[in-house]
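Asks: Need coordinates for the below:
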Amino acid sequence: ASASTTAEMLAALPEGLIPPAGASPQHRRLTDILALYRAVFLNSTDPVAIIDREGRYLEQNVAHELLLGYSADELRGQSPAIHLGEEMFRSLASELQQKGTARREIVSTTKRGERRVLDLSAFAVRDRLGRAVCYVGIKRDITEQRRAAEELNRRFEELQVLYAMADSLGQARALDDIYDQAIDALLRAVKADRASILEFDDDEVMRFRAWRGLSATYRAAVEGHSPWKADTRNPSPVAVGDVDLDPKLPALRPAIKSEGIRALAFVPMLDGNALLGKFMLYFDAPHEWTDAELRLASIVARHVSFAILRHRREAELQNANRAKSVFLATMSHELRTPLNAIAGYADLLDAGVHGPLAATQKDAVRRVQANQRHLLRLIDDVLDFAKIESGHLHLEISDVPVQETLDGTRMFIEPQLRAKDIEFDFVPGDTS
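Replies: Sure, this is the predicted structure:
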């Protein structure tokens, strides 16, 4: 025993650590040290295993057994390739032989077939001559940490995609620009191979509006198809992981497979709860759709639906403004023309062209002239309101002749009041 190293004894130590009768104090002390090392090894919360020089398991602690699921008897004599795979094991063995240590992340498959990400720290235990007696591997399960990190990265990428898309859609002015930005966002967000956007037309038929990577033959074959009816309220996405296995696509399967598409998803675009159209996402190989992918695609769909509706309503507003401008121009022309004619005839009467007028007749003519001017001012006021809306109205600040304004008002309302037998008195104010 005195010629053996601690490592050699640890590698071959039996379950019982009781020293033989008559053992020397040195031997007893060495046995106590080995017992301590073994207790640390067995009770460590980190999975630890010992491999012999031939690359076969000698022993593992309880944490290692719980990690991989293999009992001591099942693992003993096996190489780590049983859970790492032959390629990874050879790579680790080569590094340990060359450097004596290895530190890396590895992927291990448990006895139950679960894939675990491990942080492995391995080193060679050497004798006094520097020869490797065995190898010790200490593992730490970091699967959940990696999943959390991947989820954090995924959400960060989602936020980047959504921010870039919202910024682009906010600046897009043409409908084609909105479609292009939406397709780009979909491909970045879901990492699909292809994508398209379809909307219902006036006949409630789904029509392609934009696409990437789809042939004209394919578009003609599938245009009009939808998993939802036009009046479907608040529909949910529909995902097909493998076109060959889905029973709902028999009529379209030849066209889909001919296009090289193996997986696809229908993502509704909504106006409130009403169906506006759909996004299509395509993969060239079978794809296992995740809830996160469909959720992100639905968020993109909501943003794009809002942008499309905003564009439509802006277009409707522009059309309404144009119609209003045409109406105002027409009104100005159609009303001014007869009013100007009335003014001309009234002026002729007032000038006595058709003979002298009695005092009452002249008063009536002046009332016609006053009302004609009032109507013209009303027309001008309507046009002024239009100028205010367009920001083109220029105000002129000046004194207003109050007496003249009141005279005009009296001439306008006095006939109406007298027609209803309402007594009306007009008393001019002091103009001095």
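Asks: What segments of the stretch 251-400 of the chain are helices?
Replies: Here the stretch 251-400 of the chain has its helices, by DSSP state H, counting those that start in this stretch, at 253-258, 291-350, 359-390.
Asks: Same question for the stretch 101-250 of the chain.
Replies: For the stretch 101-250 of the chain, the helices defined by DSSP H, counting those that start in this stretch occupy 143-171, 175-190, 216-222.
Asks: Out of those, which is the most enclosed?
Replies: Among the helices of the stretch 101-250 of the chain, the stretch with the highest mean neighbour count (mean count of other CB atoms under 10 Å) is helix 175-190, at a mean of 20. (C-beta placed from N, C-alpha, C; glycine too.)
Asks: outside of it, which residues touch it?
Replies: Contacts with helix 175-190, where a contact means CB atoms under 8 Å, 6 or more residues apart in numbering, come from 158, 161-162, 164-165, 168-169, 172, 192, 194-197, 209-212, 279, 281, 293, 296-297, 300, 303-304, 307-308, 311.
Asks: redo that, cut-off 7 Å
Replies: Helix 175-190 has contacts (CB atoms under 7 Å, 6 or more residues apart in numbering) with 158, 161, 165, 168-169, 172, 192, 195, 197, 209-210, 212, 279, 281, 293, 296-297, 300, 304, 307-308, 311.
Asks: Stretch 157-171 now?
Replies: Residues outside stretch 157-171 that contact it (CB under 7 Å, 6+ apart) are 178, 181, 185, 188, 189, 296, 299, 300, 303, 304, 307.
Asks: Now for those: which two are most distant?
Replies: 178 and 296 (18.5 Å; CB to CB).
Asks: end to end, how far does stretch 97-105 reach?
Replies: 18 Å (CA to CA, to the nearest Å).
Asks: State the mean pLDDT of it.
Replies: Stretch 97-105 shows a mean pLDDT of 94.
Asks: List the buried residues for it?
Replies: Neighbour-count burial for stretch 97-105 flags residue 102 (criterion: 16 or more other CB atoms under 10 Å).
Asks: Please tabulate the contacts of stretch 157-171 in CSV, including the columns distance to residue 114 and pLDDT.
Replies: What follows is these, written out as CSV (distance: CB to CB, whole Å; pLDDT from 0 to 100):
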residue, distance to residue 114, pLDDT
178, 45, 85
181, 41, 83
185, 35, 82
188, 31, 83
189, 29, 80
296, 27, 86
299, 31, 86
300, 33, 84
303, 38, 84
304, 39, 84
307, 44, 84
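Asks: returning to what we had before: save the helices of the stretch 101-250 of the chain as a markdown table, and put in distance to residue 349 too.
Replies: A markdown table is the format used below for the helices of the stretch 101-250 of the chain (distance: least, CB to CB, whole Å):
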| stretch | distance to residue 349 |
| --- | --- |
| helix 143-171 | 63 |
| helix 175-190 | 59 |
| helix 216-222 | 74 |
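Asks: Compare those helices and give me the one nearest residue 378.
Replies: Closest to residue 378 of the helices of the stretch 101-250 of the chain is helix 175-190 (CB to CB; 40.2 Å).
Asks: Between the helices of the stretch 101-250 of the chain, which one is closest to residue 359.
Replies: Among the helices of the stretch 101-250 of the chain, helix 175-190 comes nearest to residue 359, with 68.6 Å by CB to CB.
Asks: how far off helix 143-171 does the closest one point, in degrees?
Replies: Calculated by axes from the mean of the first three to the mean of the last three CA atoms, to 10 degrees, helix 175-190 forms an angle of 180 degrees with helix 143-171.
Asks: Return the distance of helix 175-190 from the chain's centre.
Replies: Relative to its parent chain, helix 175-190 has a centroid offset of 10 Å by CA atoms, centre = their mean, to the nearest Å.
Asks: Same question for stretch 45-52.
Replies: Once both centres are worked out by CA atoms, centre = their mean, stretch 45-52 turns out to sit 46 Å from its chain's centre.
Asks: can you offset everything so residue one is 31?
Replies: All right, first residue 31 from here; so that's stretch 75-82.
Asks: Would you mind writing the CA trace of the strand ranked longest in the chain as CSV?
Replies: If you go by DSSP state E, the chain has its longest strand at strand 145-156. The C-alpha coordinates for strand 145-156 follow below in CSV (Å, rounded to 0.1, in the frame of the first residue of the first chain):
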residue,chain,number,x,y,z
ARG,A,145,-31.4,15.7,-23.6
ARG,A,146,-29.6,17.6,-20.9
VAL,A,147,-27.0,20.4,-21.3
LEU,A,148,-24.1,19.8,-18.9
ASP,A,149,-21.1,21.9,-17.9
LEU,A,150,-18.3,19.3,-17.7
SER,A,151,-15.0,19.7,-15.9
ALA,A,152,-12.8,16.6,-16.4
PHE,A,153,-9.2,16.0,-15.4
ALA,A,154,-6.7,13.1,-15.3
VAL,A,155,-5.5,11.7,-11.9
ARG,A,156,-1.8,10.8,-12.3
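Asks: Could you check how far the residue nearest in space to the middle of the chain is from residue 314?
Replies: Nearest residue to the geometric centre of the chain (CA atoms, centre = their mean): residue 330, 3.5 Å. To residue 314, residue 330 is 21 Å away according to CB to CB, to the nearest Å.
Asks: And for residue 231?
Replies: From residue 231 to residue 314 the distance is 29 Å (CB to CB).
Asks: How about residue 261, nearest residue that isn't a chain neighbour?
Replies: The shortest distance from residue 261 to any non-neighbouring residue, by CB to CB, 6 or more residues apart in numbering, is to residue 305 (7.7 Å).
Asks: typo on my end, residue 372
Replies: Leaving aside its chain neighbours, residue 372 sits nearest to residue 402 (5.1 Å; criterion: CB to CB, 6+ apart).
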